[in-house]
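A.B. asks: sequence first, predicted model second:
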Amino acid sequence: MSDQTRAMTSDPDDDDPYLFSSPVLPSDPRFLATVANGYVGTAVFSDIMHVGGVYSGTGGHCHRADVPCPLGVQLQLGGAERQELKHCYTLDTRRGVFSASVLSDTVSVSQSIFAHRALPHLLAMEICMERQLTSGEPITVQLLSSFKPQSDDIIFQPAPDYRGGRHIFGQTITPELCGDPRPSIHLLWTPVPPSLMLQAGQSKACWVFLVAVADSAEHAQNTYSLGLDLIDSGDLGPSHHRVWAELWAGSAVELSGPAPLRRAVIGCLYYLLSAFLPLHDTHFQFGGVSPGGLSNGRRGQDYWGHVFWDQDSWVYPAVCLFYPELGRQVLQYRIRTLRGAKHNAQEQGYEGVKFPWESAVSGREVCTEPVYGLQEIHINGDVSLAFRQYLHLTQDLSLFTEGGGWEVVRGVAEYWASRVTWSQEEQSYHLTGVMPPDEYQRNVDNSVYTNTVAQLSLQFAVDLAAVLQVPHPSQWQEIADKIKIPFDPEVKYHPEFDGYTAGRTRTASSSVRTPLSQQLQVVLHPFNVMNNNSLSLSLSPPLSLS
């Protein structure tokens with residue numbers, strides 16, 4: 001556990017695993033808490049935020065577009081109030097709110113920031129000052145900010161103010177694909193002054209600042225107006241808290257045992273749920289889940305905000321188990337990228353669809369290093385497995401008959417059928433020249449993971465075709481029955497790939513069990529465990545950031 005994590009878990013109220021508190025901020029800004037709602041997200045105190053599905057840059061240069069965030073504000077008390085200050089920073093995962101407070105002998109100042117769960121286009125910040133003495137002079141708090149209404153990724157221009165809010169709009173500089181439309185961003189926000197004052201005679205005062213971000217002026221203005229109405233009715237915060245309460249009511253996992261473990265589980269769930277759009281509002285297009293979350297992913301950082309197999313194999317199963325409607329967002333994201341996935345397969349000389357190793361909006365490959373897109377083809381099986389899990393969990397055939405799910409399952413099967421080669425010597429189908437989840441290994445043959453997930457997706461295509469009563473090639477079943485799954489009968493374990501020897505350095509993602517592990521016939525055999533332990537382990541970046 002890092003020093004920052006230890007600090008954030010040293011909350012005096014150790015009985016509440018939903019609270020993460022610390023008297024200090026992490027020294028590395030990458031470990032700052034984040035607030036997000038599936039559409040917009042930001043790291044607290046950052047002057048940058050990101051919007052789901054809004055990228056800038058072509059191909060391997062594609063990254064989340066930086067959108068300026070007016071709420072990247074830090075509090076500073078001046079004068080006599082600076083003596084003996086007590087700071088507290090708290091992430092309240094139960095309510096989805098980050099707060100910072102400063103306490104002196106004369107005044108307490110609190111700052112709350114959240115990405116509104118009921119209004120996904122809205123970010124909000126509330127600052128309150130309360131006098132600790134019955135009377136006194138005016139008290140001022142400085143609001144330190146580096147916000148500028150500009151971006152390296154978006155060309156902004158001013159628009160008329162709206163209901164007291166500043167308004168700018170623009171388009172990303174470079175589209176993901178040459179000739180494609182560039183996403184538009186409208187930003188409407190309450191101006192944040194350099195300081196706030198609690199007047200003499202006032203015991204308490206509060207100020208609320210809103211940021212509305214959308215793809216059109218109409219959406220931004222409507223959201224801003226709704227936010228102002230919620231302020232007037234006193235329901236801005238409570239309406240946000242109610243949605244989080246609904247989420248937790250259907251997904252909480254609370255453990256008995258050590259406080260750090262209890263908090264770790266709740267914290268993980270909080271960040272997973274923060275990556276998804278609302279349960280009940282379906283007009284948003286989900287932009288997928290990146291390993292670094294929606295708040296991260298600028299150029300050169302956190303995989304540039306791209307979507308990996310992490311979404312389908314690691315994030316999706318946990319979320320779909322609690323909320324199939326949120327899991328369906330992941331599948332619909334893959335359905336919307338089918339056109340790009342078909343292009344990828346054709347570009348590699350194969351049939352069907354080939355989902356990109358790193359994905360943004362189009363479904364084309366945006367990985368900065370071509371070898372991953374060419375060889376780490378288990379992504380196709382990972383996507384198909386997610387669809388299979390959804391059907392087994394929900395029995396919802398409508399996604400496959402009307403929603404495009406069958407096109408995904410069929411396209412993946414067609415890809416495997418064109419990608420395998422027949423070995424006359426071994427009387428089995430092979431997948432050669434691949435990269436397994438263990439990314440230290442390249443250009444290997446018959447990865448046990450890749451071949452198994454290919455087998456599962458082929459069998460699922462056969463079974464689903466029968467349910468849907470649609471024709472399918474008999475070759476799919478033959479390949480599923482005869483694809484090679486490496487197994488050493490003498491040692492009685494599954495080697496990672498043909499020619500694998502124990503003692504190689506491997507990435508952690510190749511050793512941590514995935515939902516696929518249960519499908520390996522002897523994955524729990526003691527010889528498997530023994531041989532998996534006789535290796536040098538190195539954390540893969542996706543797992544270390546997730």
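C.D. replies: Yep, that arrived.
A.B. asks: what about the protein, any weak spots by pLDDT?
C.D. replies: Counting by pLDDT under 70, the chain shows low-confidence ranges at 1-14, 79-83, 135, 281-282, 503-546.
A.B. asks: next helix or strand past the helix of greatest length in it?
C.D. replies: Ranked by number of residues, the top helix in the chain under DSSP state H is helix 448-468. Sequence-wise, the next helix or strand downstream of helix 448-468 (DSSP states H and E) is helix 475-482.
A.B. asks: just the buried positions in that following helix, please.
C.D. replies: For helix 475-482, a neighbour-count test (16 or more other C-beta atoms under 10 Å) marks Gln475, Trp476, Gln477, Ile479, Ala480 as buried. C-betas here are computed from N, CA, C, even on glycine.
A.B. asks: swap in stretch 340-353?
C.D. replies: Buried-residue list, stretch 340-353, by 16+ other C-beta under 10 Å: Gly340, Ala341, Lys342, His343, Asn344, Ala345, Tyr350, Glu351, Gly352, Val353.
A.B. asks: for the closest residue to the last one other than its chain neighbours, what is the enclosing helix or strand?
C.D. replies: Here the nearest residue to Val353 in space, its sequence neighbours aside, is Gly411; by C-beta to C-beta, 6 or more residues apart in numbering that works out to 3.4 Å. Per DSSP H and E, Gly411 falls inside helix 405-419.
A.B. asks: show me what that helix is packed against.
C.D. replies: helix 324-336, helix 338-348, helix 378-394, helix 398-401, helix 448-468, helix 475-482 (3 or more C-beta pairs under 8 Å, 6 or more residues apart in numbering; DSSP states H and E).
A.B. asks: what do you get if the cut-off is 6 Å, keeping everything else the same?
C.D. replies: Packed against helix 405-419 by the contact rule (3 or more C-beta pairs under 6 Å, 6 or more residues apart in numbering; DSSP states H and E) you find helix 378-394, helix 448-468.
A.B. asks: returning to what we had before: what are the contacting residues of the longest helix of the chain?
C.D. replies: 378, 381, 384, 388, 409, 412-413, 416, 431, 434, 436-437, 472, 476-477, 479-480, 483, 485-486, 494, 496, 516, 519 (C-beta atoms under 6 Å, 6 or more residues apart in numbering).
A.B. asks: columns distance to Val371 on top of the buried residues of helix 475-482, output as JSON lines?
C.D. replies: Below are the buried residues of helix 475-482 laid out as JSON lines (distance: C-beta to C-beta, whole Å):
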{"residue": "Gln475", "distance to Val371": "29"}
{"residue": "Trp476", "distance to Val371": "28"}
{"residue": "Gln477", "distance to Val371": "32"}
{"residue": "Ile479", "distance to Val371": "25"}
{"residue": "Ala480", "distance to Val371": "27"}
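A.B. asks: of all those residues, which two lie farthest apart?
C.D. replies: Gln475 and Ala480 (9.5 Å; C-beta to C-beta).
A.B. asks: give me every residue that touches Tyr390.
C.D. replies: Contacts for Tyr390 (C-beta under 6 Å, 6+ apart) come out as Gly327.
A.B. asks: any idea how far Arg334 is from it?
C.D. replies: Counting by C-beta to C-beta, to the nearest Å, the gap from Tyr390 to Arg334 is 11 Å.
A.B. asks: and if you look at Gln346?
C.D. replies: Distance from Gln346 to Arg334, counting by C-beta to C-beta: 18 Å.
A.B. asks: can you check Val213 too?
C.D. replies: As judged by C-beta to C-beta, Val213 and Arg334 stand 25 Å apart.
A.B. asks: repeat that for Ser474.
C.D. replies: For Ser474 relative to Arg334 (C-beta to C-beta), the value is 27 Å.
A.B. asks: helix/strand/coil for Leu273?
C.D. replies: helix (DSSP: H, G, I helix; E, B strand; the rest coil).
A.B. asks: now stretch 157-166: buried residues?
C.D. replies: Residues Ala159, Gly165, Arg166 are the ones in stretch 157-166 that count as buried (16+ other C-beta under 10 Å).
A.B. asks: with stretch 386-399 instead?
C.D. replies: Ala386, Phe387, Arg388, Gln389, Tyr390, Leu391, Leu399.
A.B. asks: what residues are up against Pro29?
C.D. replies: Taking C-beta under 6 Å, 6+ apart, we find Pro29 in contact with no residue.
A.B. asks: and the helix holding Gly411 with helix 378-394, angle?
C.D. replies: 140 degrees (axes from the mean of the first three to the mean of the last three C-alpha atoms, to 10 degrees).
A.B. asks: helix 405-419: what's the following helix or strand?
C.D. replies: Downstream of helix 405-419 (by DSSP H and E), the next one is strand 421-423.
A.B. asks: now the end-to-end length of stretch 56-67.
C.D. replies: From its first residue to its last, stretch 56-67 covers 11 Å (C-alpha to C-alpha, to the nearest Å).
A.B. asks: about what we covered before: just put the buried residues of stretch 386-399 in CSV and tack on distance to Leu133.
C.D. replies: What follows is the buried residues of stretch 386-399, written out as CSV (distance: C-beta to C-beta, whole Å):
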residue, distance to Leu133
Ala386, 59
Phe387, 63
Arg388, 65
Gln389, 60
Tyr390, 59
Leu391, 64
Leu399, 62
